[in-house]
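Chemist: Need coordinates for the below:
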Amino acid sequence: MIVCRKRCNWTDCIPFKIILLMCSLFVGFKLYGFAIGADGKFAIAQVHYSGGGDWYGDRSTIPNWLKLLRTKTDVETADDRVIVKLTDRELYQYPMLYIVGHGEIRLSEKEVEALRFYLTHGGFLFVNDDYGLDKSFRREMKRVFRDQAFQPVPNSHQIYHCFYDLSGLPKIHEHDGEPAQGFGLFHDGRMVVYYVYSSDIGDGLEDPKVHPNDTPEVRELAAKMAVNIAVYALTH
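Modeler: Down below sits the predicted model:
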């Protein structure tokens, strides 16, 4: 991994091979590059989706995640989460999206097209199953990538080693007792969707009072995995 020696905007921290990809919107011809607001700071956008699931969950996850990145890496970040819909014009301002929930997710045809375009033009999506999202999320992603199925991400994959050297995806919450599992969808050899099931990295990043039974050791594992996910998104 390449780490800057000084505090800088996230665009300065990325190897030249992934210099900002320019994306055209579906309406009009104005080009949008991945940028992070007027101040150029890295932000994570949480997706507001339909279907009845609690898309708004993990309220303290992204602020804590961004704080981790500021303290553990040289990436300058925003302070809080941004909320976007997949059809928002602002979608292309954010190189990384976050989806979370316990229940149903349903995408419109326009949202499916927008997400496919975003992911095949440099964007990255991290999805955290809070417990109950799995069935509907897999169904909707099959609409986004019709010819693909989720592939297990092996423990040797770079997402587990790009900043912290982890043995694999950590198990944060019990759920049904299944092992933590990471799955990926790929485009041109690049993992564009990373989906964690029966792990719950998002809950491990919440304020301690939200899940008071989480031990410091478990929270530390979630924090390290979260840093790796963001670093991977910014360098691949």
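
Chemist: what sits up against the longest helix seen in the chain?
Modeler: If you go by DSSP state H, the chain has its longest helix at helix 216-235. Residues lying outside helix 216-235 but in contact with it, judged by Cβ atoms under 8 Å, 6 or more residues apart in numbering, are 1-2, 10, 13-15, 18, 42, 44, 65, 68-69, 72-73, 75, 95-96, 124, 126, 158-164, 166, 169-170, 172, 191, 194, 201, 203-205, 208. Glycine gets a C-beta too; all of them are placed from N, C-alpha and C.

Chemist: Filter the residues you listed down to the ones in strands?
Modeler: Among the contacts of helix 216-235, the members found in strands (DSSP state E) are 96, 124, 126, 191, 194.

Chemist: can you map out the helices along the chain?
Modeler: With helices called from DSSP H, the chain shows them at 61-72, 109-119, 134-144, 201-205, 216-235.

Chemist: Please identify the most buried of these.
Modeler: For those, the stretch with the most neighbours on average is helix 201-205, a mean of 26; neighbours defined as mean count of other Cβ atoms under 10 Å.

Chemist: model confidence over that one, on average?
Modeler: Helix 201-205 carries an average pLDDT of 90.

Chemist: can you check stretch 111-130 too?
Modeler: Stretch 111-130 shows a mean pLDDT of 96 in the predicted model.

Chemist: Find out how far it is from the centre of the chain, if you would.
Modeler: Chain-centre distance of stretch 111-130: 9 Å, with Cα atoms, centre = their mean, to the nearest Å.

Chemist: what's the answer for stretch 205-221, then?
Modeler: Counting by Cα atoms, centre = their mean, stretch 205-221 is centred 20 Å from the centre of its parent chain.

Chemist: Look at that stretch and report the distance between its end residues.
Modeler: With Cα to Cα, to the nearest Å applied, stretch 205-221 spans 10 Å between its terminal residues.

Chemist: What of stretch 201-211?
Modeler: So stretch 201-211: terminal residues 12 Å apart, Cα to Cα.

Chemist: try stretch 46-61
Modeler: Between the start and the finish of stretch 46-61 there is a gap of 10 Å, counting by Cα to Cα.

Chemist: Tell me where the model's unsure across the chain.
Modeler: Counting by pLDDT under 70, the chain contains low-confidence ranges at 1-39, 173-176.
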